[in-house]
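1. Prediction below, plus the sequence it came from.
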Amino acid sequence: MPEKPEKLREEAVKYFNETVDLIRKGKPEESLESLQLAEKAAQEAKDGAILFHTLKVRGQILQSVGRLEEALETYAFSLRTSEKLISEDPENKLYLDTVRLNLNNIGNLGNIFQRVGNFTSSKQCYEIGLEICQRRLESRPENEFYQMYAGNTFNNLGELLFRMGHVEEAKEKYEKALKIYEKLIKSCPKDMEYLSDKEMTYNNLGILFSEKGQKEEAKKNFKEALDILEILSKKDPKNKDIKEKINLRRDKLEVN
C-alpha cells in the first residue's frame, strides 16, 4: 500500500534537514545521498516546494565539489520545471524566486566555465539563461531583474565569443547589452550599477575594435567608457577602483 502524502512529506523534510546538517559538517558527498532520498520522497508526495528546495541545494553542492556539468544539468532542469509551473500559476512567489535564483546560478556557472577554459559549457549556460530570461521578458517586458540579467548575460556571452574568435557575434551581443543598459538607465536613473555595466560593455567593445585594428571605433568606445567613469567618480570621489579604471581607459585612448 502506497505511503500517504503527509508521511512522504515528513520523510522529505527529515532527509532535507539531514542534508543541511551534513553540509554544515563539511560532508558534501554524504549530503548528496541524503538529498536524493529527500527528492524521491518529495516527488512521490508531489510537493513542489520541497522538491524545488532540494534541486536548489543539489546544484549548489555539485558545484561546490567541482561536479560542474552535473550542476549545470540540475540548474537547467530546475529552471525549465519552474518556468513551466509559472505558466500555470504566474504569481506563485516560490516559482518566481526559483527562476531568479537558478538564472543567477546558471549565469555564475557560465562565468566559472569561462574562467577555466570550458567555452562550450560556458556558452551553454549563457544560452540557457537567455532563453528562459527572454521568454519571461515577453510577458514582463519592464521587469528590472530580467532586463538586468539579459544585459549582463549578453555582455558575458560577448566576452566569451570574443575569446573564441567569433568577433562579429561578440560585437552583436555587446550592442544588445548596451541597448538594455540604456533602457535601464532611463527607467532607473539613480541606479549607478547600470551605468557601471554600460561602461564595462563600452570598454569591451573598445578592446574588440582595437584587436580588429579599427582604431577610431576603439577610441570612440574607450572615450564613452571614460566619460561614464568620470560621472561615477563625481558621484563617489573616494572610490579608488574607479580612479584606477579612469587611468587605464586614458592609457588605452593614448595607445589607440
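-> Perfect, I can see it now.
2. Which strands or helices does the host helix or strand of Ser87 pack on?
-> Using DSSP states H and E, Ser87 falls within helix 68-88. For helix 68-88, the packing partners by 3 or more CB pairs under 8 Å, 6 or more residues apart in numbering; DSSP states H and E come out as helix 48-64, helix 93-115, helix 119-139. From N, CA and C alone the C-beta is placed, and that goes for glycine too.
3. in the first one, what counts as buried?
-> What that stands for is helix 48-64. 48, 50-63 (16 or more other CB atoms under 10 Å).
4. ditto for the second one
-> Using 16+ other CB under 10 Å as the burial criterion, the residues of helix 93-115 that qualify are 95-96, 98-103, 105-107, 109-114.
5. picking that back up, any idea which of the buried residues of helix 48-64 is closest to Phe162?
-> Gln63 (25.3 Å; CB to CB).
6. and the closest one, how far is that from Asn105?
-> Using CB to CB, to the nearest Å, Gln63 is found at 8 Å from Asn105.
7. Could you list the low-confidence segments of this protein?
-> Applying pLDDT under 70 to the chain picks out residues 1-3.
8. any residues in contact with both of Gln63 and Asn105?
-> Residues touching both Gln63 and Asn105 by CB atoms under 8 Å, 6 or more residues apart in numbering: Ala71.
9. Can you list the neighbours in contact with the helix holding Ser87?
-> 48, 52, 55-56, 58-60, 62-63, 92, 95-96, 98-99, 102-103, 105-106, 109, 112-113, 118, 121, 124-125, 128-129, 132, 135-136.
10. One more: stretch 55-62?
-> Residues outside stretch 55-62 that contact it (CB under 8 Å, 6+ apart) are 16, 19-20, 23, 28, 31-32, 35, 39, 68, 70-71, 74-75, 77-78, 81, 98, 101-102, 105.
11. same deal with stretch 28-35?
-> Residues outside stretch 28-35 that contact it (CB under 8 Å, 6+ apart): 15-16, 18-20, 22-23, 54, 57-58, 61-62, 64-65.
12. Ok, which of the helices and strands packed on helix 68-88 comes nearest Ile231?
-> Of those, nearest to Ile231 by CB to CB is helix 93-115, at 26.7 Å.
13. List the buried residues for the helix or strand hosting Glu254?
-> Here Glu254, judged by DSSP H and E, is contained in helix 240-255. Buried residues in helix 240-255, counted by 16+ other CB under 10 Å: 242, 245-246, 249, 252.
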